[in-house]
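# mind looking at a prediction? Sequence and model below.
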Amino acid sequence: MHCVSGIIAAVLLALCAGCQTPQAPGKARLPVAQWTAEDRTPGVSVRSFYVVSNGWHTGIVLGRSDLADSVIFEIHDFPMAEYFEFSWGDARYFPSPDKGLGVAMSALFAPTPAVIHVAGLPAHPREVFPGAETVELQVTPEGFQNLVTYLDDTFKRDAAASSIPGLYPFSRFYPAKGRFHMFNTCNTWTARGLAAAGIRVTVSGTLQAEELMTQLR
């Protein structure tokens with residue numbers, strides 16, 4: 001591989017043009033201890049969700065039945081969806097059909113606005129994304145509610161906010177809080193959401209999808 005192409009590939013693989021979202025003020029999270037499957041107590045209620053990775057970008061997937069009373073009103077844009085995938089990225093790079101080097105470099109080296117991508121999946125994520133890695137995770141009800149709060153906090157809702165078509169016929173991009181730069185990636189954002197839910201993951205320094213998925217496996 002040509003050295004320039006190798007650099008571009010390495011940059012895009014590592015950073016996925018995503019960024020973490022800060023927690024919105026005034027929205028308290030429920031206390032929840034970090035835990036793993038080994039900590040589970042028989043008979044204790046748990047809630048399941050999924051993390052999906054295509055090798056460079058990760059997303060969080062929740063079932064419609066678990067979001068029946070959700071404050072995330074954007075899910076109503078997908079009335080036929082069975083599951084919802086949430087992921088975050090650079091506002092210019094992520095939606096662009098022409099992800100050129102100039103756009104990627106701009107996203108990497110200067111803090112840039114962000115978007116959240118919501119996909120209303122018509123079936124289980126393993127069916128919709130058969131080539132992706134899908135990991136099922138289980139948390140306490142309190143942890144799950146913290147995760148929903150984290151996702152809800154990601155949306156930047158103001159008078160100027162509007163959505164645009166997403167990567168799939170069943171998805172849309174929405175304005176998001178936070179700004180992307182080299183050390184804030186979509187995978188860091190995913191890891192932060194998992195930590196809020198009580199999953200034992202390292203947030204700081206988790207930039208690549210494989211770094212996160214290795215922890216989850």
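Received, thanks.
# show me the contacts for the residue nearest the centre of the chain.
Centrality entry for the chain: nearest residue to the mean C-alpha point is Ser87, 3.1 Å, by Cα atoms, centre = their mean. By Cβ atoms under 8 Å, 6 or more residues apart in numbering, the residues touching Ser87 are Gly18, His57, Thr58, Gly59, Ile60, Ile116, His117, Cys186, Trp189, Thr190. (Each C-beta comes from the backbone N, C-alpha and C, glycine too.)
# pretty sure His117 contacts Phe94?
Yes - using Cβ atoms under 8 Å, His117 is in contact with Phe94, at 6.6 Å.
# quick one: common contacting residues for those two?
Phe173.
# quick one, which of the two is more surrounded?
Phe94 (27 against 23; other Cβ atoms under 10 Å).
# distance check, that one against Pro79.
Counting by Cβ to Cβ, to the nearest Å, the gap from Phe94 to Pro79 is 24 Å.
# A strand includes the residue nearest to the centre of the chain, no?
Yes - counting by DSSP: H, G, I helix; E, B strand; the rest coil, Ser87 is located in a strand.
# coming back round to it: secondary structure and distance to Glu211 added to the contacts of Ser87, as JSON lines?
Putting the contacts of Ser87 into JSON lines (DSSP: H, G, I helix; E, B strand; the rest coil; distance: Cβ to Cβ, whole Å) gives the following:
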{"residue": "Gly18", "secondary structure": "coil", "distance to Glu211": "13"}
{"residue": "His57", "secondary structure": "coil", "distance to Glu211": "13"}
{"residue": "Thr58", "secondary structure": "strand", "distance to Glu211": "10"}
{"residue": "Gly59", "secondary structure": "strand", "distance to Glu211": "16"}
{"residue": "Ile60", "secondary structure": "strand", "distance to Glu211": "16"}
{"residue": "Ile116", "secondary structure": "strand", "distance to Glu211": "21"}
{"residue": "His117", "secondary structure": "strand", "distance to Glu211": "21"}
{"residue": "Cys186", "secondary structure": "helix", "distance to Glu211": "12"}
{"residue": "Trp189", "secondary structure": "helix", "distance to Glu211": "13"}
{"residue": "Thr190", "secondary structure": "helix", "distance to Glu211": "11"}
